[in-house]
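**Q** No letters, just coordinates:
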Ligand code: ATP
Ligand code: MG
């Protein structure tokens, strides 16, 4: 049963969940006093705090000037952020060679599990380094060098990590595009970044669906050509047909590639001058020279990668991160937020195509010498127990996923979870959206058996790593609150007039007052957009675009996007709060609430409701839902319009695109940028189900 009893919920909501006893006595940070001590040091003396951490890493040379410098106030000059400017290092060297030199070469870097549960693999740090060096030499042979941009469009396979680390070893800027995006979305990103190469695979399975990645890449390359841009190289991993030997492809040849299971043939187009098989290029590197590649030393402030935001609020932004600050920040957040211990098996379910995958599948865990899990498949294939089966199989100790996955798995009931031995779990993380208390409690009770710490981590593509988060051995948690700032992060909540409120506040704008090492440095080739998007609204602050409230105990609660706040007769209401009330009704599986214009109240609330299996939308149910919101929040928040939704428009990372729902609510089919929408067909269905009176 997905929905817990409301009274239990209420009680749990007001309760503080203390860190598990064993973590209180063993974690890196034990108890709030120790957290506060470290936090204060990180704020009062950032140079000493981060300087100490930086000592664990290898630097070829020390910073040439100031350790840390920035301007957050555009009225005083251009915005800039610099950490350890002039210090030379290489992140690939730090996440691989450094560990191997201290004897971790034989430690498993990754377990890999494919879409099919019988497809598994593993790779040690030493093996990973050899693969990375070989592929870095492949890139060099293709003429690709420091500062060039390379797009990576791959499934969740170890080659994806090899490709990104090979780029990092050479100072080549990677731009990873999630392997579920269309040709158009890929093309626009390749064009924006002027990528000289695309690294991909023949195809992939997602559940029972076979996806021909190469065809999508070909489509993207054609679109680039139409815009007068030529992509020089396309390197393709043969992922679906590892046992098949084939003859040399000819120009224009159609290459039939049998997939492993179930047997199905992928048609692969081939352009000889451009397309190359990964395994053939790698095969040429099986010599001593081929297997070694000196890292290219980079300035701490050289670009490491760019990554486009998920497009929930508008056209995706090409967020740029740099080498040094991102390295120490992802390493440090990983260590403390997941309380990393050397025997951990860490599993972040995010695709590497999202920032969560960059920071917590790849760089953060590897920087700590951790063993991770890379999973290619989806949570419901072959059934809804897949995640828990993998946890049992690899004895995962720290698990990190998104509320959207938790909510969906909740719908399938507890039996799928209870079938597996999850006793290895110690810390459970959540990221991507506000987690409603109900999903939090299910995660805590059913998955974590009331013995694990839950870390609800708030952060963004832009922040590089966690910025608001509990620490497992220190922070008493409240279901739905991202709690307190991570080291080096100074949050503030502002009123609409830009005034800082220090005590409790019902609703305001979440901003940050000074940079931490992992914050983005610019929007790629568009510094003006960077300044306008994040710094113009409130001079002197980095504006997240998210709303937040602070309770009487100082806990911070993310209330959703600023754009998603509704102003009803002068009351500022967060849509997340209404959604959280609606979802407590046993018929409701998912809810999304947006603002709708109202002639008297200014704005009214419009609710899209996805029902649980076997439930139907009736007038009676609508009334019950209204009563629910009235009683949970107050009469002023009572929904004005309730519409049945067969599904919700989501980004491919699983976030509800409320900007599209706002358009649907007013019957406007001109939806703006939909390149990141996962399933277009839901739009027509939603328009069809609009209530007639509107
Ligand atoms: P775009 O910026 O293009 O609109 P996006 O903001 O969805 O896309 P991401 O950087 O992937 O792109 O997501 C960051 C956002 O996700 C945050 O600004 C916030 O709204 C939401 N978010 C992430 N983690 C949490 C969390 N733990 N609690 C609440 N919200 C979260
Ligand atoms: Mg955003």
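**A** Cool, the structure landed. All values reported here derive from a predicted model rather than from experimental measurement. Ligands and ions are numbered 1, 2, ... in the order given.
**Q** Distance of the nearest residue to residue 426 once chain neighbours are set aside relative to residue 333?
**A** Closest residue to residue 426 apart from its sequence neighbours, by Cβ to Cβ, 6 or more residues apart in numbering: residue 397 at 5.1 Å. C-beta: built from backbone N, CA, C; applies to glycine. Distance, residue 397 to residue 333, by Cβ to Cβ, to the nearest Å: 17 Å.
**Q** Repeat that for residue 641.
**A** For residue 641 relative to residue 333 (Cβ to Cβ), the value is 41 Å.
**Q** Looking at these two, which is more packed in?
**A** Between residue 641 and residue 333, counted using other Cβ atoms under 10 Å, residue 333 has the larger neighbour count: 27 against 19.
**Q** Tell me where the stretch 351-500 of the chain has strands.
**A** Along the stretch 351-500 of the chain, counting by DSSP state E, counting those that start in this stretch, strands occupy 371-375, 398-401, 427-430, 453-456, 491-494, 500-501.
**Q** Around residue 171, how many other residues sit close by?
**A** The burial count for residue 171: 22, using other Cβ under 10 Å.
**Q** Compile the strands of the stretch 351-500 of the chain into TSV and extend it with columns for mean pLDDT, mean neighbour count and distance to ligand 1.
**A** Below are these laid out as TSV (pLDDT from 0 to 100; neighbours: other Cβ atoms under 10 Å; distance: least, Cβ to the nearest ligand atom, whole Å):
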stretch	mean pLDDT	mean neighbour count	distance to ligand 1
strand 371-375	98	24	19
strand 398-401	98	26	11
strand 427-430	98	26	6
strand 453-456	98	25	5
strand 491-494	97	20	13
strand 500-501	95	14	20
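**Q** Out of those strands, which is closest to residue 124?
**A** strand 371-375 (9.6 Å; Cβ to Cβ).
**Q** I'd like to know which elements that closest one is packed against.
**A** Counting contacts by 3 or more Cβ pairs under 8 Å, 6 or more residues apart in numbering; DSSP states H and E, strand 371-375 is packed against strand 108-113, helix 158-170, strand 345-348, helix 364-367, helix 386-394.
**Q** Residues touching stretch 647-662, excluding its own?
**A** For stretch 647-662, the surrounding residues in contact (Cβ atoms under 8 Å, 6 or more residues apart in numbering) are 178, 180-181, 310-314, 350-351, 354, 402, 404-405, 432-433, 561, 563-564, 575, 590, 592, 594-596, 606, 608, 610, 671-672, 674, 676-679, 682-683, 685-686.
**Q** Please apply the same query to stretch 120-127.
**A** By Cβ under 8 Å, 6+ apart, stretch 120-127 touches 96, 99-100, 104-114, 131, 158, 369.
**Q** quick one: residue 180 and residue 676 touch, right?
**A** No - Residue 180 is beyond contact range of residue 676, at 9.7 Å (criterion: Cβ atoms under 8 Å).
**Q** between those two, which one's more packed in?
**A** Using other Cβ under 10 Å, the more surrounded residue of residue 180 and residue 676 is residue 676, with 23 against 19.
**Q** returning to that earlier point: ok, now which ones touch the residue nearest to residue 426?
**A** 341, 343, 344, 345, 346, 424, 425, 426, 427.
**Q** How about the contacts made by the first one?
**A** Contact criterion Cβ under 8 Å, 6+ apart gives residue 397 as the residues in contact with residue 341.
**Q** mind checking how far it is from residue 358?
**A** With Cβ to Cβ as the criterion, residue 341 and residue 358 are 23 Å apart.
**Q** cool, residue 231 as well?
**A** In terms of Cβ to Cβ, residue 231 sits 22 Å off from residue 358.
**Q** looking at the chain, which helix or strand is least sure?
**A** Lowest on mean pLDDT, DSSP states H and E among the helices and strands of the chain sits strand 254-258, with a mean of 38.
**Q** one step back: if you count surrounding residues, which of residue 231 and residue 358 has more?
**A** Using other Cβ under 10 Å as the criterion, residue 231 and residue 358 rank with residue 358 on top: 26 against 21.
**Q** I figured the more buried one hits residue 348, correct?
**A** No - in this structure residue 358 lies outside contact range of residue 348 using Cβ under 8 Å: 10.3 Å.
**Q** So for residue 496, what's the pLDDT?
**A** pLDDT recorded at residue 496 is 83.
**Q** Just give me the neighbour total for the residue nearest to residue 545 when sequence neighbours are not counted.
**A** Closest residue to residue 545 apart from its sequence neighbours, by Cβ to Cβ, 6+ apart: residue 562 at 5.6 Å. Residue 562 has 20 neighbours, counted by other Cβ under 10 Å.
**Q** Residue 562 against residue 511, yeah?
**A** No - look at residue 562 against residue 511 with Cβ under 8 Å: they stay out of range, at 10.7 Å.
**Q** Do you know the pLDDT at residue 141?
**A** Note on residue 141: pLDDT of 98.
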